[in-house]
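**Student:** Would you be able to build a 3D model of this:
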Amino acid sequence: MLPLDDFPRFTAAAVQASPVFLDAKRTVDKAARLIAEAAGNGASLVVFPEVFIPGYPYWNWITDPVTGGAWFEKLVRASVFADGPEVAVVQAAARANKCHVVIGLNERSPVSLGALYNTLLFIGPNGAILGKHRKLVPTWAEKLTWTGGDGSSLKVYDTEIGPLGGLACGENTNTLARFTLLAQGELVHAASYISLPVAPPNYDMAEAIKLRGMSHSFEGKVFTVIATSTVSDEIITEMEKIRPDARAMLERKSSAYSGIIGPDGRAIGEGLIDDEGIVYAEIDLGKCIQPKQMHDITGHYNRFDVFDLRVNQVPQTAVTLKTGPAAEPDLTAEPMPSDSEQPQSNQDWRKS
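**Tutor:** Numbers count the residues shown, from 1 in each chain. Next up, the predicted model:
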């Protein structure tokens, strides 16, 4: 991880914006413009909202599953592969502006036409994909759209700006997932969200988002960059095709918050509520040192002889294919590992 004598200082940017709904090409073009704007203001890290490409399935919250099925198909057709041409546009923008980018997308499965993942993509300043995180458990009505990821994507990436990790929306409430990232040395946490105006009546979504970021930062003594989408008039107009009162449901205020939280659990500067914009803050990883002297839950302030967290990071696939000529068994050889330990691969229907 990070050398002890190297504590980067940099500017982070949290983007609060709407996608061009269900239009991946125009959405990535918008993302590229926002990356250039943020980098022009000195940002070395730009964090985008959850499933920014090409949008969030609000229909799950306002209609029945059968009616929503037609919209699910629209989303699948508009979604992207993690190595597809749409993502390449974002990679090129990261490379051109020499900044790290974390962006949410609806990721199509290479082996199933009916499977979508809620994915956070991590891109380096050279445009290379560092890795991706697939949301472990879709939240509530989201189970009608996304399948869950596996533990292989619970990773922290060594970058020029420090150890970088991230989670999507509600899983920032998953204590064990957060601890898994912290225990790998995470110091910069990307927390991507969507605006959810259709939450229960007494639920303040903006405040809940901010609270989760403050909790992670205070517990782990890390910086958290929170980026949340907004609900555009375009999205509302589309949802009015499903039910006439959609506007009243989706215009509720205090539904989105974006901001940057320091290792003391306090927001750095002003955040954004509801409106589109970009929030900037200076991050100095050296400021994580003194708070960790008090409470370092991945170090001295824990009892690993009492607590034992085990995380399965083996990629899970639908099938393990064993190919090649049959061979006579070697009775003197060591036992083969179980299937769960075998290298796993999938056929990719796109290449067939």
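**Student:** Mind jotting down where the helices sit in the protein?
**Tutor:** Assigned by DSSP state H, the chain shows helices spanning 24-40, 59-62, 65-78, 85-97, 175-182, 205-220, 233-239, 246-250, 289-294.
**Student:** then the longest one to CSV, C-alphas only?
**Tutor:** This means helix 24-40. These are the backbone C-alpha positions of helix 24-40, laid out as CSV (Å, rounded to 0.1, in the frame of the first residue of the first chain):
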residue,chain,number,x,y,z
ALA,A,24,-25.6,5.8,-22.9
LYS,A,25,-23.8,7.7,-25.7
ARG,A,26,-25.1,11.1,-24.7
THR,A,27,-24.5,10.4,-21.0
VAL,A,28,-20.9,9.5,-21.5
ASP,A,29,-20.4,12.6,-23.6
LYS,A,30,-21.9,14.6,-20.7
ALA,A,31,-19.6,12.7,-18.3
ALA,A,32,-16.6,13.7,-20.4
ARG,A,33,-17.5,17.3,-20.3
LEU,A,34,-17.9,17.2,-16.5
ILE,A,35,-14.5,15.5,-16.2
ALA,A,36,-12.9,18.2,-18.2
GLU,A,37,-14.6,20.9,-16.1
ALA,A,38,-13.6,19.3,-12.9
ALA,A,39,-10.0,18.8,-14.0
GLY,A,40,-9.9,22.4,-15.2
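**Student:** Return the list of helices and strands in contact with that helix.
**Tutor:** strand 9-16, strand 43-47, helix 85-97, strand 277-284 (3 or more Cβ pairs under 8 Å, 6 or more residues apart in numbering; DSSP states H and E). All C-beta spots, glycine's among them, are computed from the backbone N, C-alpha and C.
**Student:** Can you check what pLDDT the model gives the residue most central in space within the chain?
**Tutor:** For the chain, L120 is the residue whose C-alpha lies nearest the centre (Cα atoms, centre = their mean; 3.3 Å). For L120, the pLDDT comes out at 98.
**Student:** same deal with P335?
**Tutor:** As predicted, P335 sits at a pLDDT of 56.
**Student:** Equivalent analysis for A318, please.
**Tutor:** The model's pLDDT for A318 equals 88.
**Student:** Once you drop chain neighbours, what's closest to it?
**Tutor:** The shortest distance from A318 to any non-neighbouring residue, by Cβ to Cβ, 6 or more residues apart in numbering, is to V111 (6.4 Å).
**Student:** Run a quick neighbour tally on that neighbour.
**Tutor:** Using other Cβ atoms under 10 Å, V111 has 14 neighbouring residues.
**Student:** and if you look at the one 3 residues further on?
**Tutor:** By other Cβ under 10 Å, 10 other residues sit near G114.
**Student:** Wait, it touches V76, no?
**Tutor:** Yes: with contact defined as Cβ atoms under 8 Å, G114 counts as touching V76 (7.3 Å).
**Student:** so where is this structure shaky, pLDDT-wise?
**Tutor:** Within the chain, the stretches with pLDDT under 70 are 1-5, 327-352.
**Student:** The same query, at a cut-off of 80, please.
**Tutor:** Residue ranges of the chain with pLDDT under 80: 1-5, 326-352.
**Student:** quick revisit: the helices and strands packed on helix 24-40: which one's closest to A199?
**Tutor:** Closest to A199 of the helices and strands packed on helix 24-40 is strand 9-16 (Cβ to Cβ; 17.4 Å).
**Student:** How about residues contacting the closest one?
**Tutor:** With Cβ atoms under 8 Å, 6 or more residues apart in numbering as the test, strand 9-16 has contacts from 34, 38, 41-49, 161, 188, 223, 225-230, 256, 258-260, 272, 275-286.
**Student:** redo that, cut-off 6 Å
**Tutor:** 34, 38, 42-48, 161, 225-228, 258, 260, 272, 276-284 (Cβ atoms under 6 Å, 6 or more residues apart in numbering).
**Student:** List the neighbouring strands of that strand plus their orientation.
**Tutor:** Strand pairing for strand 9-16, using DSSP bridges, gives strand 43-47 (parallel), strand 277-284 (antiparallel).
**Student:** Serialize these to a markdown table and add fields for distance to A17 and mean neighbour count.
**Tutor:** Below are the strands paired with strand 9-16 laid out as a markdown table (distance: least, Cβ to Cβ, whole Å; neighbours: other Cβ atoms under 10 Å):
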| stretch | distance to A17 | mean neighbour count |
| --- | --- | --- |
| strand 43-47 | 11 | 27 |
| strand 277-284 | 8 | 18 |
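**Student:** nearest to L309, of those strands?
**Tutor:** strand 43-47 (26.3 Å).
**Student:** where's the closest one relative to the chain centroid, distance-wise?
**Tutor:** On the basis of Cα atoms, centre = their mean, to the nearest Å, strand 43-47 sits 14 Å off its chain's mean C-alpha point.
**Student:** okay, the angle between it and helix 24-40?
**Tutor:** Counting by axes from the mean of the first three to the mean of the last three Cα atoms, to 10 degrees, strand 43-47 lies at 150 degrees to helix 24-40.
**Student:** outside of strand 43-47, which residues touch it?
**Tutor:** Outside strand 43-47, the residues that touch it by Cβ under 6 Å, 6+ apart are 10-14, 35, 38, 99-102, 161, 190, 225, 227.
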